[in-house]
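K.L.:
Based on what follows, work out the 3D shape:
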Amino acid sequence: MNNKNRKNKEKKFLKLFSILSNNESLYFIDICNLNSNQVSFLRKKFHESNIGMKVVKNTLLKKVLEKMKNKNLDSFFPILSGNTTILFSNTGKGNIPSKIIKNFHIQEKIEKPYLKGAYVQEFYYFGNKDLDLLINFKSKEDLLIDILYRLQFPMGNIILSFLTSTKYKICGILEYLSSASSKLEK
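P.N.:
Numbering: from 1, shown residues only. Here you go, the predicted structure:
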């Protein structure tokens, strides 16, 4: 192998390593048997949602996954055969790719692209059967908003009762101080 080919392979390795390391949501899908219009449509939809799409060779992907100890992505080795395309996103909305895929299935009346596997917020998903789970998946931010929203009403009642009960205490203290100061002036 000449020097130029080795450098090219190293660049591809580093680029893929960077993609897998720096993104929260990773989807491994199979887009074989889709025509160019369908692939372009999907690419456009993913791009509009800030989701990257990259076709990769399985041998390179396996080498990169072996080197990635922090995410423990070697669970995906068994699914790496045939056509593999990676969808990656760092938006925190890990369910957007699954929504796009599911809508495409409905629109085109086919089961492609097929979800081989996904890694979303430290959980693993495998196969099209998990698309519905991923669609209903809530990000950490969404869960926090739900919790705060549900706590809003009880907290409001607590604060309101505190303010109304202390209002009378404060008024009483002010009346006492006022009467005490008027007694001192006399």
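K.L.:
Phi first, then psi, for F13.
P.N.:
The phi/psi pair for F13 (degrees, to the nearest 10) reads phi -60, psi -50.
K.L.:
Break the protein into its domains for me.
P.N.:
Here the domain parsing of the chain from automatic domain parsing is 3-137, 138-186.
K.L.:
Where does the prediction get shaky in the chain?
P.N.:
1, 70, 92, 139, 143, 151-174, 176-178, 180-186 (pLDDT under 70).
K.L.:
At which residues are the helices of it located?
P.N.:
Taking DSSP state H as the criterion, the chain carries its helices at 3-21, 36-48, 58-67, 96-108, 131-135, 140-185.
K.L.:
And for K45, the neighbour number?
P.N.:
18 (other CB atoms under 10 Å). Quick note: C-beta positions are derived from backbone N, CA and C, even for glycine.
K.L.:
Next up, the contacts around the residue nearest to it when sequence neighbours are not counted.
P.N.:
Nearest non-adjacent residue to K45, counting by CB to CB, 6 or more residues apart in numbering: I100, 4.9 Å away. If a contact means CB atoms under 8 Å, 6 or more residues apart in numbering, then I100 has L42, K45, F46, S49, I51 as its contacts.
K.L.:
so which of the residues you listed is the most crowded?
P.N.:
Among those, the one with the most neighbours (other CB under 10 Å) is L42, at 24 neighbours.
K.L.:
quick revisit: ranking the domains of the chain by burial, who's on top?
P.N.:
Mean neighbour count, computed with mean count of other CB atoms under 10 Å, is highest for domain 3-137 among the domains of the chain, reaching a mean of 16.
K.L.:
For that domain, what is the spacing between the initial and final residues?
P.N.:
Using CA to CA, to the nearest Å, the end-to-end distance of domain 3-137 comes to 46 Å.
K.L.:
and what of stretch 120-131?
P.N.:
Stretch 120-131 has an end-to-end distance of 12 Å (criterion: CA to CA).
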